[in-house]
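> Here is my input, please return the structure:
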Amino acid sequence: MTKPSGWKHSPEAKAKIAERNRARWADPAERARVSEETKIRMADPAVRQRIRDGMARAAGVADALQPLRDAWRSAAPDVRKRFLEELFAPACGESSE
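The predicted structure is shown next:
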């Protein structure tokens, strides 16, 4: 049941879930095994990026900065330098022309 405020579980359900999780992870050897497996799986940067992308999609968030990042990476170093100079010229009290 999803409540209007966005909370998925009642306090009673949360308590039951927490108790099951505590029982499930009570064994230190099991926790260590899962931790090591997770470290191995998460070592690949592509896996971490895929998780970030999936979380952003699930949240309905589009990365509006991606086109800007792509343009910045494709620009030549002298173009980047000129852009930064023009961007900060007003703050530094210099004329951009």
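> I'd like the distance between the residue sitting nearest the centre point of the chain and Trp72.
The residue lying closest to the centre of the chain (CA atoms, centre = their mean) is Arg52, at 4.7 Å. Here Arg52 is placed at a distance of 19 Å from Trp72 (CB to CB, to the nearest Å). C-beta here means a position set from N, CA and C on the backbone, and glycine is covered the same way.
> Then Arg41?
Per CB to CB, Arg41 is found 31 Å from Trp72.
> Now do the domain split for the protein, please.
Domains of the chain are assigned by automatic domain parsing as 11-59, 64-97.
> Buried residues of the helix or strand of the chain with the lowest mean pLDDT, list them for me.
Within the chain, confidence by mean pLDDT, DSSP states H and E is lowest for helix 45-59 among all helices and strands, at a mean of 86. For helix 45-59, the neighbour count (16 or more other CB atoms under 10 Å) marks no residue as buried.
> Using CSV, list the CA coordinates for it.
Taking C-alpha atoms only, helix 45-59 is exported to CSV below (Å, rounded to 0.1, in the frame of the first residue of the first chain):
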residue,chain,number,x,y,z
PRO,A,45,33.3,1.3,-13.1
ALA,A,46,30.8,0.3,-15.8
VAL,A,47,28.7,-1.6,-13.2
ARG,A,48,28.7,1.5,-10.9
GLN,A,49,27.7,3.7,-13.8
ARG,A,50,24.9,1.4,-14.9
ILE,A,51,23.5,1.5,-11.3
ARG,A,52,23.7,5.3,-11.2
ASP,A,53,21.9,5.5,-14.6
GLY,A,54,19.2,3.1,-13.5
MET,A,55,18.6,5.0,-10.3
ALA,A,56,18.4,8.2,-12.2
ARG,A,57,15.9,6.7,-14.6
ALA,A,58,13.8,5.2,-11.7
ALA,A,59,13.7,8.6,-10.1
